[in-house]
Every structure is written in structure tokens, then in C-alpha cells.
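K.L.:
next comes the sequence, and after it the predicted model I'd like to discuss.
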Amino acid sequence: MLKYPSALNALEQITACAKGKKIALFLDYDGTLSPIVDNPEHAYMPSAMRTAVKNVAKYFPTAIISGRSRDKVYEFVGLTELHYAGSHGMDIMGPVRESESIGDHPNCIRSTDKQGKEVNLFQPAGEFLPMIDEVFRSLVENVKDIRGAKVENNKFCVSVHYRLVDEKSWPAVAHCVCDVLKDYPRLRLTRGRKVLEIRPVIDWDKGKAVEFLLESLGVNHCNDALPIYIGDDRTDEDAFKVLMERNRGYGILVSSVPKESNALYSLRDPSEVMEFLNSLVKWKKSA
């Protein structure tokens, strides 16, 4: 708390800096908006949190950037007023600007969302889809005899969850993953909270996703923008680092235990995240 003070305690300082600026909110999902659960399929967002996110999106452009597939995150959240980025930012559905040229971004196509509204769909790892599907099938086969192991296809990355695996079998899970990965030099292994993730080797991460979304929102090169990113996992550090290096906005780490981070502030758990979001709405209304 000395190194990363509570964002709740620092709210007055954050809102003072936000005066006259346009706040843009970026939120991780698991461990930030929903509690970490044993079964990743049951990581539901509480109704009170959904209300908080819905309210905050009325006042500030808000995006969820998750390691899960974009469709899965949308299924969990179910709010149409947000922008969604799945697969650690490799699958982004963002707003279309009037002055924007679609040719400015390779791998970006014009599409429509579930309400028929025109959006930009950005998928920088599109060529990896067949490879990811192949790896997913191999991993399902390889870990089928390890009780509790679960393989999740997140479209542009594959997640192998071992939260429900007996600790003695953790090395076996890692061996299965590495055994499959050795045949795919264009894929890399990263680690999260009780999860091993296989991702394409491309220069893209949650930090790049934040920059792309800021560009789509029309505030990337604007000194009047104040991005705030809230997340709990290692992959969120890429976004914290972007905000820190640009010396603009705030990274907020969600953690109940001490850890090194590129964030400036911290919150202990999703309940404090909800309190912070509600406080931002209250401040905006009073302002």
C-alpha cells in the first residue's frame, strides 16, 4: 500500500487531475469485475457490478480487455454500451469514427455488432486461427487424463487451466503443454493465475490494445484524455507500462497481496473495484 496506494484513498487526487479531461476506462474481467473461481465457466459478474459498469459507461468510454474470447466476455457481461477486446487484445470490436480511414489499420475490417451498429473489427493475429484450433485439439487430447485440467479455446489464444488439478500433477500439465508447443515455433507460452496460455508470437498485447482503442475513440493524441486501466493479472502489466511510459493516465492493480507492478495505484478485490467505479460516477454527477 506504500508503493501502490489505494485508488479509493487517492480518488480526490485522480478526479482533480481529471478535471477538464476525458476519462477513458479500460477493465480486465476475471479477478477485476468477477471473482476468481475454480471453474472458469462460472466466472459470473455479480448484478451489482454489472450495474456499476453500466452506469460508468454512461459517462466515460469504457472497454473490457480480457484474455478470454471476445464472445465469451460479451456473454458474461451482456452490456451493449461497452467496447470489447478478447484474446489479450487480439480481437477488438471498437467504435467507428467519422474521419477514420479503414485502410489506416491493417487487419481491420468494417463490421456490425449484435445491434446492427457499424463497428471496426481488428484482428492482428487472423492468420493464426487454423494453428490455434489445431493446438487446442492437441491439448485437449494430451491433458484428458489429468483430472481437473481444462483447456479453453479463446479464439486467438488457448488457455490451459490447472486450478482444479492436484498440485502433484502440475508438472504433468506443464509437460503436456510444452510437448505440444515444441512443434509450433510461432506460438509462445505465458503464465497467469493458475493458467498456462499459448499465444501467437506477434508484437501485440493489452498495451497495444489500449492504444488502438484510444485511437478509435479519437483521444490517442489528445492531451485532454485521461486513460484509467484496472486489472489484476500479469498480462495487464503491458497496459500499465504503456500508461506509465506515456506519463498519462493511471494503472490500477487489483491484488490483496503485495506484488511488483507498473501500476500507480491498487485496489484489493472486485468489491473495491465496484466501489471505485461507483465513486467515479458520483464524482461526475456532482461535477
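P.N.:
Noted; the coordinates are in hand.
K.L.:
from Cys178, how far out is Lys144?
P.N.:
The gap separating Lys144 from Cys178 is 17 Å, by C-beta to C-beta, to the nearest Å. For the C-beta atoms, the positions are set from N, CA and C on the backbone; glycine is no exception.
K.L.:
er, Tyr44 I mean
P.N.:
32 Å.
K.L.:
before we move on, what about Met131?
P.N.:
In terms of C-beta to C-beta, Met131 sits 17 Å off from Cys178.
K.L.:
before we move on, what about Leu11?
P.N.:
44 Å.
K.L.:
please say which of those two ends up with more neighbours.
P.N.:
Leu11 (17 against 11; other C-beta atoms under 10 Å).
K.L.:
burial of the nearest residue to the more buried one once chain neighbours are set aside, as a residue count?
P.N.:
Closest residue to Leu11 apart from its sequence neighbours, by C-beta to C-beta, 6 or more residues apart in numbering: Ser279 at 5.4 Å. Neighbourhood size, Ser279 [other C-beta under 10 Å]: 18.
K.L.:
looking at this, Ser279 is in a strand?
P.N.:
No. Using DSSP: H, G, I helix; E, B strand; the rest coil, the assignment for Ser279 is helix, not a strand.
K.L.:
and the pLDDT for it?
P.N.:
What the model reports as pLDDT for Ser279 is 98.
K.L.:
is it correct that it is in contact with Leu8?
P.N.:
Yes. Assessed by C-beta atoms under 8 Å, Ser279 is found in contact with Leu8 at 7.0 Å.
K.L.:
could you find the closest non-adjacent residue to Arg163?
P.N.:
Using C-beta to C-beta, 6+ apart, the nearest residue to Arg163 is Lys194, at 4.0 Å.
K.L.:
where's the one you found relative to Val73, distance?
P.N.:
19 Å.
K.L.:
likewise for Arg137?
P.N.:
23 Å.
K.L.:
okay, those two: which has more neighbours?
P.N.:
Set side by side, Arg137 and Val73 show more neighbours around Val73, with 27 against 14, by other C-beta under 10 Å.
K.L.:
the more buried one: what secondary structure?
P.N.:
The three-state assignment at Val73 reads helix, by three-state DSSP.
K.L.:
so who does it touch?
P.N.:
29, 64, 66, 84, 86 (C-beta atoms under 8 Å, 6 or more residues apart in numbering).
K.L.:
isn't the third one up against Phe26?
P.N.:
No. No contact is recorded between Ser66 and Phe26 when judged using C-beta under 8 Å, the distance being 10.7 Å.
K.L.:
residues touching the spatially closest residue to Tyr162 that is not a sequence neighbour, list them.
P.N.:
Nearest residue to Tyr162, sequence neighbours excluded (C-beta to C-beta, 6+ apart): Val173, at 4.7 Å. Contacts for Val173 (C-beta under 8 Å, 6+ apart) come out as 143, 146, 149, 160, 162, 165, 196.
K.L.:
now, these that are in strands?
P.N.:
160, 196 (DSSP state E).
K.L.:
most neighbours out of the contacts of Val173, which is it?
P.N.:
Val160 leads the contacts of Val173 on contacts (other C-beta under 10 Å) with 26 neighbours.
K.L.:
please report the distance of that residue from Ser87.
P.N.:
Distance from Val160 to Ser87, by C-beta to C-beta: 15 Å.
K.L.:
in the chain, where is pLDDT below threshold?
P.N.:
For the chain, applying pLDDT under 70 flags the ranges 97-106, 220-222.
K.L.:
mind listing what the nearest residue to Ser87 once chain neighbours are set aside touches?
P.N.:
Excluding its sequence neighbours, the residue lying closest to Ser87 (C-beta to C-beta, 6+ apart) is Phe156, at 3.6 Å. Neighbouring residues of Phe156 by C-beta under 8 Å, 6+ apart: 69, 86-88, 90-91, 123, 125, 128-129, 132, 199-200.
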